[in-house]
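Student: Need a 3D model of the following:
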Amino acid sequence: GINAEYMGGVFTYHPPDTNLTLRKEVSFGTLEVKAVASDPLNGGRFVDALVAKRIAEQYKQKTGNAVLEMHTTDGYKARAKLMRSAQKAKEVLSANKNAPVSVEGIYDDKDFHTDLNRDEFDALCAPLFDRAMATVEQALKDANLTTAEIDSFELFGGGTRIPAIQTRLLEFLENKPLGKTLNTDEASVMGAVFESVRISPGSFRVRSFAISDTHPYNLTFALSANDTIPAPVQRPLLVKAPASPKTVGVFRTTDFNLTTYVNGVPAEEYVFENITQSFTKLGLWKNDTHPNTTHMVEIFFTPNGIGAVPVTSVTAHVHEVVNTTKKVAKVVAQNESTSEPEDSTETEDAAPEPTITVEDPQTNSTNTTASNSSVVYEVVNTTKTVRRKLELTHKVHYLLTPWPMPSEEMAAAKEKLAALQQLDLEKRLNSEAKNALEALIFDTKYDKFFEVEELKPFYTAEEEDAIRTALQETEDWLEEDGYDATASEFKLKSEAISNLTKPISAKLTAHKKELKLNRTQAKEAKEANTTQDADTKEQADGKKDKKDEL
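Tutor: I've put the predicted structure just below:
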């Protein structure tokens, strides 16, 4: 990726079995992870660093300023600008032979310009490209496969756009085509989102495929030392194997710690306490405990789907052996005495068992297949195992970074986040109030007040001077003190101007209403007169008609 490490993975896709009724989460088949290899010291950001170092060296030769050696604010700013310019040059060289490099304000507010061609870029970053190919080779080696056994090769991550990387891949893959169907910048992020949705318990409904994952690292563990084992050794838990649940049994009766290691580096330390008290509750040390009674602390490791294999539960087990008796059937001849059977192991207090005849269920007749023999039961001493268990709690200390925050730090972080959100809200409100004030000043000076011809008859020269003075004073205040003013101060300034202009605007509004009312009344009066004239004429016409009739 652009800012991530170079890595390679080998996967096998198994299509769904159409003869089976598949669940929705495996409706597209299964993706089996054969192997994954990565190099945390190689990637797109390391390429940017090499290019940035070259630009800094050229700048030092020209100006004498070694910005990479400056441990000041200006030096840190220069490094950030160099990295941005280096990344841009890398991206340009992915499609062009030459790239102009411009670092704006690298130091002392002065710009620096240079150029970089693809040959220089390839030579500069060749060691990183070689390491990237070693990562691909390691992935195939871990999968026990060769390039001839791979069906297709897919590129993802912005770093794979570099032509030199693609050239080396083609040589390594013996000119097999490179797949470029994925959006290299979005593939990893979209995959992570899709996997999060897939493993979310009931939160989303999505058709997907199952993933048979492989733990990419050697995961080992070691117990804490005690009097019996003063120097415990590391034992394998997962050695680049399929990420399946694992169980570790510990035969200790006192508190102990268990440390997990990733490729030999301590990762987590689990603390198991109250072991002795738990076994006491389970009755391990009763007075009549059988010598064959066993105990064990069982620790369950479960892959969490995102690469880690944490402890999910801990259980104390006691398998208590208890003395008991049981009936044992014995076939004897009828002429043999059954009062004192040979090899009897009856308990001392057991009563003699009567002779029992076993009948054939099919013929309902006495079973005589053993030459007139019969079956008798005798009581013998034996043992049985009573299994008891108790769930235990544990603590975990994360030895690798980043690690989950303790509850106190989480609470403090949430408070800080809330404070920052409040600052952002205040900043937004301040900005909105300031913009509203500036808009009010502009509108009042121009097209919404002083340039409105209809308003001019409704304010005097004194009122105009007062408004213009208030506008000028507010503009001066904005330039001098408005940078750090609050939203309430901006609103007060807006209200002061509005208090001068609104009464005038109200006069115009009232005048318009009065004119509208007058027009309405005049229209109504005219309509009334017209109606009256029509009625008078109609009456006159009626009188004339009557006169004519007479």
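
Student: How about residues contacting stretch 451-462?
Tutor: Outside stretch 451-462, the residues within contact range by CB atoms under 8 Å, 6 or more residues apart in numbering are 449, 467, 504-505, 507-508, 511. C-betas here are computed from N, CA, C, even on glycine.

Student: For the chain, which segments are assigned as helices?
Tutor: For the chain, the helices defined by DSSP state H occupy 44-63, 73-93, 118-142, 163-172, 187-199, 275-281, 407-445, 461-481, 487-549.

Student: so which of those gets nearest N323?
Tutor: helix 275-281 (20.9 Å; CB to CB).

Student: So which bits of that closest one are buried?
Tutor: When neighbours are counted by 16 or more other CB atoms under 10 Å, the buried residues of helix 275-281 are found to be 275, 278-279.

Student: Alpha carbons of stretch 264-274, as PDB, please.
Tutor: Extracted C-alpha coordinates of stretch 264-274, given in PDB (Å, rounded to 0.1, in the frame of the first residue of the first chain):
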ATOM      1  CA  GLY A 264       9.800 -14.800  19.800                       C
ATOM      2  CA  VAL A 265       8.600 -11.300  20.900                       C
ATOM      3  CA  PRO A 266       6.500 -11.100  24.100                       C
ATOM      4  CA  ALA A 267       3.000 -10.100  23.200                       C
ATOM      5  CA  GLU A 268       0.600 -10.700  26.100                       C
ATOM      6  CA  GLU A 269       1.000 -11.800  29.800                       C
ATOM      7  CA  TYR A 270      -2.000 -13.500  31.300                       C
ATOM      8  CA  VAL A 271      -2.300 -13.600  35.100                       C
ATOM      9  CA  PHE A 272      -4.300 -16.400  36.700                       C
ATOM     10  CA  GLU A 273      -5.100 -15.900  40.400                       C
ATOM     11  CA  ASN A 274      -7.000 -17.700  43.200                       C
END
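
Student: quick one, which of the helices of the chain is nearest to R387?
Tutor: Between R387 and these, the tightest spacing by CB to CB is seen for helix 275-281, at 13.9 Å.

Student: got the CA coordinates for the closest one in PDB?
Tutor: Taking Å, rounded to 0.1, in the frame of the first residue of the first chain, the C-alpha atoms of helix 275-281 are listed here in PDB:
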ATOM      1  CA  ILE A 275      -6.000 -21.100  41.800                       C
ATOM      2  CA  THR A 276      -5.500 -22.600  45.300                       C
ATOM      3  CA  GLN A 277      -8.900 -21.300  46.600                       C
ATOM      4  CA  SER A 278     -10.600 -22.600  43.500                       C
ATOM      5  CA  PHE A 279      -9.300 -26.100  43.900                       C
ATOM      6  CA  THR A 280     -10.200 -26.000  47.500                       C
ATOM      7  CA  LYS A 281     -13.800 -25.300  46.600                       C
END
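
Student: any idea of the mean pLDDT in it?
Tutor: If you average the pLDDT over helix 275-281, you get 94.

Student: Can you give the contact residues for that helix?
Tutor: Against helix 275-281 from outside (CB under 8 Å, 6+ apart): 252-256, 285, 295, 297, 316, 318, 390, 392.

Student: before we move on, back to that, out of the contacts of stretch 451-462, what pair is the most spread apart?
Tutor: Among the contacts of stretch 451-462, I467 and H511 lie farthest apart (CB to CB), at 18.9 Å.

Student: So for the two, which sits in the more crowded spot?
Tutor: Using other CB atoms under 10 Å as the criterion, I467 and H511 rank with I467 on top: 19 against 13.

Student: what's the pLDDT at the more buried one?
Tutor: In this model, I467 is scored at 91, pLDDT.

Student: same thing with the one 4 residues further on?
Tutor: pLDDT for L471: 91.

Student: And L500, by the same measure?
Tutor: Per-residue pLDDT puts L500 at 91.

Student: And it, how far from L116?
Tutor: L500 sits at a distance of 62 Å from L116 (criterion: CB to CB, to the nearest Å).

Student: next one: L471
Tutor: 54 Å.

Student: now A525
Tutor: Relative to L116, A525 is positioned 88 Å away (CB to CB).

Student: One more: R519?
Tutor: 77 Å.

Student: Also V265?
Tutor: V265 sits 37 Å away from L116, going by CB to CB.

Student: Give me the more crowded residue out of the two.
Tutor: Ranked by neighbour count (other CB under 10 Å), V265 and L116 place L116 first, with 22 against 10.

Student: Report the contact partners of the more buried one.
Tutor: L116 makes contact with 51, 54-55, 89, 93, 98-99, 101, according to CB under 8 Å, 6+ apart.
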